[in-house]
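Visitor: Here is my input; please provide its structure:
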Amino acid sequence: MQTDNQSMPNNPTFGRRFTGLSAIGRQLFLEGAVLFACLLVAPANAQQGAPSVGTVYAERKPIAQTRDFVGRVEAIDRVVIQARVKGYLDAVLFKEGDFVKKGDPLYRIEKGLFQAVLRDVD
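Guide: Residues are numbered from 1 along each chain as shown. Now for the predicted structure:
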């Protein structure tokens with residue numbers, strides 16, 4: 001039968017040998033271990049020599065300053081287009097975004113209805 005409290009797994013104090021160290025003591029121990037590891041690695045890195053580096057020559061080049069903005073574009077003038085007679089559109093005579101002048105034809109209406117109305121009037 002074992003009487004040593006440190007060797008009994010069911011004993012609440014089993015494996016707590018370093019619990020008496022303070023936080024400062026543990027910190028010093030860890031710092032010492034890191035320093036020792038760095039001293040072992042340092043001579044291996046010192047033998048490699050200086051690393052090779054590349055160079056690039058600076059050149060003067062013009063810089064175009066640009067800025068991006070988000071927004072909406074709205075026309076200065078607005079026009080309501082309304083037909084004076086009934087009919088179906090035969091053709092659209094402009095493309096969206098085209099510049100148009102006053103008096104330019106924009107749409108062509110089918111002639112079939114006009115000709116029928118003219119025949120009935122005569």
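Visitor: So what does the residue most central in space within the chain look like in phi/psi?
Guide: Residue closest to the mean C-alpha point of the chain, counted by C-alpha atoms, centre = their mean, is D68 at 15.2 Å. Dihedral angles phi and psi of D68 (degrees, to the nearest 10) take the values phi -100, psi 130.
Visitor: residues in contact with it?
Guide: Applying C-beta atoms under 8 Å, 6 or more residues apart in numbering, one finds that D68 lies in contact with no residue. In short, each C-beta sits where N, CA and C put it, glycine included.
Visitor: Just the local confidence number for it, please.
Guide: For D68, the pLDDT comes out at 90.
Visitor: again, but for the one 10 residues further on
Guide: R78 is assigned 80 on the pLDDT scale.
Visitor: So it: helix, strand or coil?
Guide: Under DSSP: H, G, I helix; E, B strand; the rest coil, R78 falls in the coil class.
Visitor: Run a quick neighbour tally on it.
Guide: 6 (other C-beta atoms under 10 Å).
Visitor: and the gap between it and R119?
Guide: Counting by C-beta to C-beta, to the nearest Å, the gap between R78 and R119 amounts to 38 Å.
Visitor: what do you get for A83?
Guide: For A83, the distance to R119 equals 21 Å [C-beta to C-beta].
Visitor: show me where the protein has strands.
Guide: Listed in chain order, the strands of the chain (DSSP state E) span 89-92, 107-109.
Visitor: most neighbours per residue, which of these?
Guide: Stretch with highest mean neighbour count among those: strand 107-109 (a mean of 14; mean count of other C-beta atoms under 10 Å).
Visitor: List the contacts of that strand.
Guide: Judged by C-beta under 8 Å, 6+ apart, the contacts made with strand 107-109 from elsewhere in the structure are 81, 83, 85, 87-93.
Visitor: That strand - which strands sit beside it in the sheet, and in what orientation?
Guide: With DSSP bridges as the test, strand 107-109 is paired with strand 89-92 (antiparallel).
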